[in-house]
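Undergrad: What shape does this take:
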Amino acid sequence: MIILSMLICNFVFGQRKNPSIDTFITETILKGMVVNNGITLKKDHGYFYAIAFSFDKNGRIDTMFLSKRLDTEVKKIFALDDSLLKRIKQYDLIYSEFASKIVLMPFYHYNSSDDGVSYKSGFLTSIENLVPESVLGKPLIIRKPIVNAHIPRAIN
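TA: Next up, the predicted model:
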């Protein structure tokens, strides 16, 4: 009986627990930031964008949607392209609470040493273009914005 209890405990505690969807996507984006390309992030510049993910019937991320009007510089800095979806899918994580749903995740990145956000940076335009056109009018789960103040000034 003791051996059976130990086996059950090992099985239960040995199960892989997924990180929260917010943590997983944020870390995957930050790990994929373009390296060695000489980009210098501007002072007092905030980067605001959203990604919509559709989940299959089992809760795996299936498709990624970005606004067609998303600033090309933001796409380049954060590698918001097909490579992001490939990196996400390689983990094969299941979020059953989002099965067969579309989830919109807004992101705001800035450098913690900045004094504020310059509205000349296109910040307001980023808000205007937040929702990807391909998910407009569809039922969405909108997540709380993810704020990250730890991006480096220079990416190299």
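
Undergrad: in this protein, which spans are helices?
TA: Along the chain, the segments classed as helices by DSSP state H run 2-13, 21-31, 72-77, 82-90, 123-128.

Undergrad: How about stretch 63-73, which residues are buried there?
TA: Neighbour-count burial for stretch 63-73 flags 64-67, 70-71 (criterion: 16 or more other C-beta atoms under 10 Å). Placement of C-beta: from N, CA and C, glycine included.

Undergrad: Now do that stretch: everything it contacts.
TA: Stretch 63-73 has contacts (C-beta atoms under 8 Å, 6 or more residues apart in numbering) with 49-54, 75, 80, 84-85, 88, 102, 122, 125-126, 129-135.

Undergrad: List only buried entries from those.
TA: Buried members of those, scored by 16+ other C-beta under 10 Å, are 49-54, 75, 80, 84-85, 88, 102, 122, 126, 129-132, 135.

Undergrad: now, which of those lie within strands?
TA: Counting by DSSP state E, the part of those found in strands is 49-54, 102.

Undergrad: could you dump those to a markdown table with pLDDT and distance to Asp114?
TA: Listed next are these as a markdown table, based on pLDDT from 0 to 100; distance: C-beta to C-beta, whole Å:
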| residue | pLDDT | distance to Asp114 |
| --- | --- | --- |
| Tyr49 | 91 | 18 |
| Ala50 | 93 | 21 |
| Ile51 | 95 | 23 |
| Ala52 | 96 | 28 |
| Phe53 | 97 | 29 |
| Ser54 | 96 | 34 |
| Ile102 | 95 | 32 |
